[in-house]
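K.L.:
Coordinates only, no sequence provided:
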């Protein structure tokens, strides 16, 4: 991300229901929303925005399957060939004893795999500077943002009119 | 969309359900007249279905109480279904009452501790059983009566009052919390009653079929099994009612939440099942492993089928988000899980009751503990033979049937101390504790015999003992068992529809009705938006 070459026009709302109403109005007027920011997940917002279902959980399943196989096969190798050890008179290859650890490995791989994937997609790495439109959208404001970098004045006026009509609390412009 | 509808119990449905009950009665009759001298198959079928369907009613009450206590609002539109289901406990009282009468009158031999032929708790008697003597203060007819019908009476009283508070709510002019608070009192006070008493109920009616065996996980595990029966039957009934045109306002958001319960509790059930199995497998204590050894060796279809039906199927199908929101898929999974937990109770009850009946027969014939079990002769070769027994995978199954009175023959000390029992003079006790300190070298063999490979290669050793052989109605459910299940299900549904038709299908004055009508799980499924508007 190179710095500050996108001009963003955004409006802040006080309530998630106002926001949902405004997004519907924008859809009806065929306005091209860049993004919407909310302090918490708002039920029913995704279908209005036309977002597709995340594919992250497919990866989660694959990571989990890898973790399960890895855990189980690793224990099989360790306890039968690498370092055979007898516990409580059980056979070397004691499947019931492996199950809890297999389960833990499944959870570990799925959780870490999905977290790392998600952070990679979002470009969030240690040391990345928070590039927030407005800090209040992490607190109590609901925001609709438009990309107006190459927009004409009439388009910008049109968008400002939209914010006014939908009772936006505040309208700002920011380079980011 | 008219909210204030009343369910009409049509004559056609009535006729079908009554035919179902008749079918069940005929199948019960078939098992009764075509049975051993104790009518074990008949009585196990009766107990199995009574416990399962009573448990479903009981766990509907629990589910409802837990949700009312937690201020859950999403479920108001389906609350009347659970209320009607919970009222079946009244019928369950009668069904379990028959078992109680059988205990007092010795009509059946489901419970070895209640054997009338020999006084096994009398130290002077030839068949003295030290373990059962120790448990006598709990395993006796009086406690059995209290622990089954007594507790059911208490639960039914609570279920009746909770429903009454909900029905009274309909008479209010406007919604307020007056009757809701009343419901909360009944619901919250039911939870401890449910938690503590269900444990005793299940110990008495199911676990005491194998009175020498015990597991602290058992009540948890079997209670959750009932719960899944209740959840899956709820799904089936909701979808059925919707297909008749009722419950129009119940949409896939409500279904999704019940589906999450069905999925989550199925995983929880597996967790408990595995906990019980692994702790017993790890400790490898003869009097505990006997339970699983018996089932894995002689009932492999029950054992593995249980996991397939109740874990693998719901886990893999309901893992996805959208399968929980499709009526067809949910109906399919609910049918499997409903049958699966019926199967689970079959698995818990049948093998144990078969052993109890076998023991009763042998005791009555006076040959118990003698020739029929002379797999090991006392003497200098005992150690060698013991290994042989361990290898033919049959050691533990002999133990259950002989340990107590062999112990008596050998001086009654076998159960007292493990170190004593491993001395070679006591063959039966020695077998039981063959995994004890004296036989380091044989440990892996023994462990495999009792757990890992118990399912295979056992047939050769079992020809003598017909109580282990394949038999429909024990090894797997026979056609009669399916018929009996349909009969009890029809009885349940008859009572359920009858109760449901008495009041409005929706508690119109419930303070959470609006929340429930507009319930939204916030789940995004492509192409569903239009449907959501429609509902």
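P.N.:
Arrived safely. A quick note: this is a predicted structure, and the numbers were derived from the prediction, not measured.
K.L.:
host element of residue A:144?
P.N.:
Assigned by DSSP states H and E, residue A:144 belongs to strand A:142-147.
K.L.:
What is the next helix or strand after that strand packed up against?
P.N.:
Sequence order places helix A:153-165 as the next helix or strand after strand A:142-147, per DSSP H and E. Packing contacts for helix A:153-165, counted by 3 or more Cβ pairs under 8 Å, 6 or more residues apart in numbering or on different chains; DSSP states H and E, involve strand A:7-13, helix A:16-28, strand A:170-175. In this view, the C-beta of every residue, glycine as well, is placed from N, C-alpha and C.
K.L.:
Run through who's touching the strand holding residue A:144.
P.N.:
In this structure, residues lying in contact with strand A:142-147 by Cβ atoms under 8 Å, 6 or more residues apart in numbering or on different chains are A:6-16, A:18-19, A:22-23, A:26, A:31-39, A:42, A:133-134, A:137, A:159, A:163, A:168.
K.L.:
go on, stretch B:163-172?
P.N.:
With Cβ under 8 Å, 6+ apart, stretch B:163-172 has contacts from B:79-80, B:83, B:86-87, B:178-180, B:182-183, B:186, B:503-504, B:507-510.
K.L.:
Model confidence for residue B:528, exactly?
P.N.:
We have a pLDDT of 55 for residue B:528.
K.L.:
oh, I was asking about residue B:303
P.N.:
At residue B:303, pLDDT is 95.
K.L.:
does it really touch residue B:294, like I thought?
P.N.:
No - using Cβ atoms under 8 Å, residue B:303 makes no contact with residue B:294, being 9.8 Å away.
K.L.:
Among the two, which residue is more densely surrounded?
P.N.:
When residue B:303 and residue B:294 are compared for neighbours, residue B:294 comes out ahead with 23 against 19, by other Cβ atoms under 10 Å in any protein chain shown.
K.L.:
in a strand, that's where that one is, yeah?
P.N.:
No - membership of residue B:294 in a strand is not supported by DSSP: H, G, I helix; E, B strand; the rest coil, which gives helix.
K.L.:
That one reaches residue B:358, doesn't it?
P.N.:
No - shown here, residue B:294 and residue B:358 do not form a contact pair, counting by Cβ under 8 Å, at 11.6 Å.
K.L.:
got the residues of chain A near chain B?
P.N.:
Taking Cβ under 8 Å from any Cβ of the partner chain as the contact definition, chain A meets chain B at A:41, A:43-44, A:46-47, A:51-53, A:57, A:61, A:86, A:88-91, A:94-97, A:99-100.
K.L.:
For residue A:30, the count of nearby residues, please.
P.N.:
6.
K.L.:
Which of the three states applies to it?
P.N.:
Strictly by three-state DSSP, residue A:30 counts as coil.
K.L.:
Give me the residue ranges of chain A where confidence is low.
P.N.:
A:1-3 (pLDDT under 70).
K.L.:
any idea which residue sits dead centre in chain B?
P.N.:
residue B:345 (3.7 Å; Cα atoms, centre = their mean).
K.L.:
close enough to count as contact, that one and residue B:54?
P.N.:
No - the pair residue B:345 and residue B:54 fails to qualify as a contact (Cβ under 8 Å) at a distance of 11.0 Å.
K.L.:
So what's the residue count around the residue in chain A that chain B sits nearest to?
P.N.:
Of all residues in chain A, the one sitting closest to chain B is residue A:89 (3.0 Å; Cβ to the nearest Cβ). Here the number of neighbours of residue A:89 (other Cβ under 10 Å) works out to 17.
K.L.:
And the one 10 residues further on, by the same measure?
P.N.:
Taking other Cβ under 10 Å as the criterion, the count of residues near residue A:99 is 16.
K.L.:
Buried residues of whatever helix or strand it lives in, list them for me.
P.N.:
If you go by DSSP H and E, residue A:99 is part of helix A:95-122. The neighbour-count check on helix A:95-122 (16 or more other Cβ atoms under 10 Å in any protein chain shown) flags A:96, A:97, A:98, A:99, A:102, A:103, A:105, A:106, A:109, A:110, A:113, A:114 as buried.
K.L.:
Closest to residue B:132 out of the residues you listed?
P.N.:
residue A:96 (30.0 Å; Cβ to Cβ).
K.L.:
Low-confidence regions, chain B specifically.
P.N.:
Of all residues in chain B, those with pLDDT under 70 make up the ranges B:1, B:118, B:367-465, B:522-535.
K.L.:
That one - how does it break down into domains?
P.N.:
As assigned by automatic domain parsing, chain B contains the domains B:13-366+B:479-534, B:374-462.
K.L.:
Would you format those domains as a markdown table with distance to residue A:154 included?
P.N.:
Below are these laid out as a markdown table (distance: least, Cβ to Cβ, whole Å):
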| stretch | distance to residue A:154 |
| --- | --- |
| domain B:13-366+B:479-534 | 32 |
| domain B:374-462 | 78 |
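K.L.:
now residue B:142: how far from residue B:346?
P.N.:
29 Å (Cβ to Cβ, to the nearest Å).
K.L.:
Compare the two and say which is more crowded by neighbours.
P.N.:
With neighbours defined as other Cβ under 10 Å, residue B:142 and residue B:346 compare such that residue B:346 has more, 25 against 11.
K.L.:
Can you mark which positions in the helix or strand hosting that one are buried?
P.N.:
Per DSSP H and E, residue B:346 falls inside helix B:327-365. For helix B:327-365, the buried set under the neighbour-count rule, 16+ other Cβ under 10 Å, comprises B:329-331, B:333-334, B:336-364.
K.L.:
Which elements pack onto it?
P.N.:
Using 3+ Cβ pairs under 8 Å, 6+ apart: helix B:327-365 touches helix B:40-69, helix B:218-243, helix B:252-283, helix B:286-298, helix B:300-307, helix B:313-318, helix B:395-409.
K.L.:
For residue B:211, which of those is the nearest?
P.N.:
helix B:395-409 (9.9 Å).
K.L.:
For chain A, what is the nearest residue in the stretch 101-250 of chain B?
P.N.:
Counting by Cβ to the nearest Cβ, the stretch 101-250 of chain B gets nearest chain A through residue B:217, at 14.4 Å.
K.L.:
For the stretch 1-150 of chain B, which segments count as helices?
P.N.:
B:11-33, B:40-69, B:79-86, B:89-105, B:130-134, B:141-145 (DSSP state H, counting those that start in this stretch).
K.L.:
Skipping its backbone neighbours, what lies nearest the most centrally placed residue in chain A in space?
P.N.:
Geometric centre of chain A, nearest residue: residue A:118, 6.4 Å, by Cα atoms, centre = their mean. Nearest residue to residue A:118 in three dimensions, chain neighbours excluded: residue A:56, at 6.3 Å (Cβ to Cβ, 6 or more residues apart in numbering or on different chains).
K.L.:
Surely that neighbour and residue A:114 touch.
P.N.:
Yes - using Cβ under 8 Å, residue A:56 is in contact with residue A:114, at 5.9 Å.
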